[in-house]
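Q: Below are the sequence and a predicted model for it; my questions follow.
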Amino acid sequence: MKIGEAPAAGIFRMNCAECFPRFVYSRRLVLKRIILAVILFSLSFNSGSEVCAGKPSVTVVFRYDDCSAVSPTDFEMQLIRMFEKYGFPCSFGIIPFRYVGEGAGLKIFPPEKAGVFKEAVQSGTLEIAAHGYSHQPLSNENRSEFSGVDYQTQAEKIRSGKEYLEKIFGVRVNTFMPPYNSCDLNTVRALEDSGFVSLSAWGDPVAEASALKFIPGTCHKLGMMKAAVEAERNAPVPKPVVFIFHAFDFLDVNPGKGNYRVRDFEDFLIWLKAQNDVCVKTLDQVAGTE
């Protein structure tokens, strides 16, 4: 309600004798507002850990890719506030040194932007994960930053990216998300040697002898997420449902080319909040390091 506006649901009367406006509400309206206040209070303080306390059958992970020096910070903060509103965490894949085009060099993830995310990181709403090194594809034919690259080169990029993110965020980075969801066994070796705990990508590139926890992506279409949750709900051994999304997936950011709007995304969060057997975790939590 804006200053100076009367509540739409109220009945406005003017007492001419007192020249003082009064608002008269029915008991039913008052009761409805009390119930709404209780619901909002519950949504605000019902954390993800509390949702998970009842031994849920399905785990859902939100994996946001391509956060970088050039990604829309205001929109990302809107996402963060939405996750905070419903008590859900999210894994943010950060590109340490973003490739922005031939001859333009790399854009370093600003410490100032890390500071903007600091509160959400400290509260547990955000997991900081490494999303490659620069997100630069090897070629137009090979849309991968790492697959097919020698071990030494991969190890140097992976290690330096991890060290930089840990420095500016002040937290340990355990999860790696390869750009284009593409990597190979050299990537796996480099991740192990650099101290990573988990890897999230398509397919299953992790060797049987690897100590890495592999958490594959499940879905990138919002309209299929309810079906994905239902499928795991009925599975003999449910696996985490990992939803991969980007800023460009939203029509609000990418008009004409996005796939859904912010309101559609929030509608799904509301639906998810009502599922008593669903727990929302970060990739790090699924790997068991939190």
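A: Arrived safely.
Q: Where do the strands of the stretch 51-200 of the chain begin and end?
A: 58-67, 90-94, 97-99, 106-108, 126-130, 175-176, 198-199 (DSSP state E, counting those that start in this stretch).
Q: Among the ones you listed, which comes closest to Asp252?
A: Comparing the strands of the stretch 51-200 of the chain by their distance to Asp252 (CB to CB), the top pick is strand 58-67, with 14.7 Å. From N, CA and C alone the C-beta is placed, and that goes for glycine too.
Q: export the strands of the stretch 51-200 of the chain to CSV and tack on mean neighbour count and mean pLDDT?
A: Listed next are these as CSV, based on neighbours: other CB atoms under 10 Å; pLDDT from 0 to 100:
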stretch, mean neighbour count, mean pLDDT
strand 58-67, 24, 98
strand 90-94, 27, 98
strand 97-99, 21, 97
strand 106-108, 16, 97
strand 126-130, 26, 98
strand 175-176, 28, 98
strand 198-199, 24, 96
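Q: out of the ones you listed, nearest to Ser160?
A: strand 97-99 (8.4 Å).
Q: Tell me which strands that closest one pairs with, and in which orientation.
A: strand 106-108 (antiparallel) (DSSP bridges).
Q: related to what we said a few turns ago, which one of the strands of the stretch 51-200 of the chain lies nearest to Val262?
A: Across the strands of the stretch 51-200 of the chain (criterion: CB to CB), the nearest stretch is strand 58-67, sitting at 13.3 Å.
Q: And that closest one, how far out from the chain middle?
A: Put simply, strand 58-67 sits 5 Å off its chain's centre (CA atoms, centre = their mean, to the nearest Å).
Q: tell me the angle of it relative to strand 126-130?
A: 60 degrees (axes from the mean of the first three to the mean of the last three CA atoms, to 10 degrees).
Q: what about stretch 97-114, start to end distance?
A: Stretch 97-114 has an end-to-end distance of 13 Å (CA to CA, to the nearest Å).
Q: now the residue lying closest to His131 once chain neighbours are set aside, which residues is it bridged with?
A: Spatial nearest neighbour of His131, chain neighbours left out: Gly93 (3.2 Å); criterion: CB to CB, 6 or more residues apart in numbering. For Gly93, the beta-bridge partners under DSSP bridges are Ala129.
Q: so how far is Tyr151 from Gly93?
A: Separation of Gly93 from Tyr151 (CB to CB, to the nearest Å) stands at 23 Å.
Q: Same question for Lys257.
A: 37 Å.
Q: Between these two, which has more neighbouring residues?
A: Between Lys257 and Tyr151, counting by other CB atoms under 10 Å, Tyr151 is the more crowded of the two (14 against 10).
Q: Per-residue pLDDT of the closest residue to that one other than its chain neighbours, please?
A: Among residues not flanking Tyr151 along the chain, Asn186 sits closest, at 4.4 Å (CB to CB, 6+ apart). pLDDT recorded at Asn186 is 94.
Q: Pick out the residue closest to the middle of this protein.
A: Cys90 (3.3 Å; CA atoms, centre = their mean).
Q: pLDDT weak spots in this structure?
A: By pLDDT under 70, the weakly predicted segments of the chain are 1-55, 204-205, 207-208, 289-290.
Q: Domain map for it?
A: What automatic domain parsing lists as the domains of the chain is 1-45, 48-287.
Q: Find the one among the ones you listed with the highest mean neighbour count.
A: Highest mean neighbour count of the domains of the chain: domain 48-287, a mean of 18 (counted as mean count of other CB atoms under 10 Å).
Q: before we move on, the earlier item: contacting residues for the residue nearest to Tyr151?
A: The contact partners of Asn186, taken as CB atoms under 8 Å, 6 or more residues apart in numbering, are Phe146, Val149, Asp150, Tyr151, Gln154.
Q: Any chance of these in a markdown table with distance to Arg233 as columns?
A: A markdown table is the format used below for these (distance: CB to CB, whole Å):
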| residue | distance to Arg233 |
| --- | --- |
| Phe146 | 34 |
| Val149 | 40 |
| Asp150 | 43 |
| Tyr151 | 41 |
| Gln154 | 38 |
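Q: circling back to that earlier point, any idea which of the strands of the stretch 51-200 of the chain gets closest to Phe83?
A: Once those are compared by CB to CB, strand 90-94 is nearest, at 5.0 Å.
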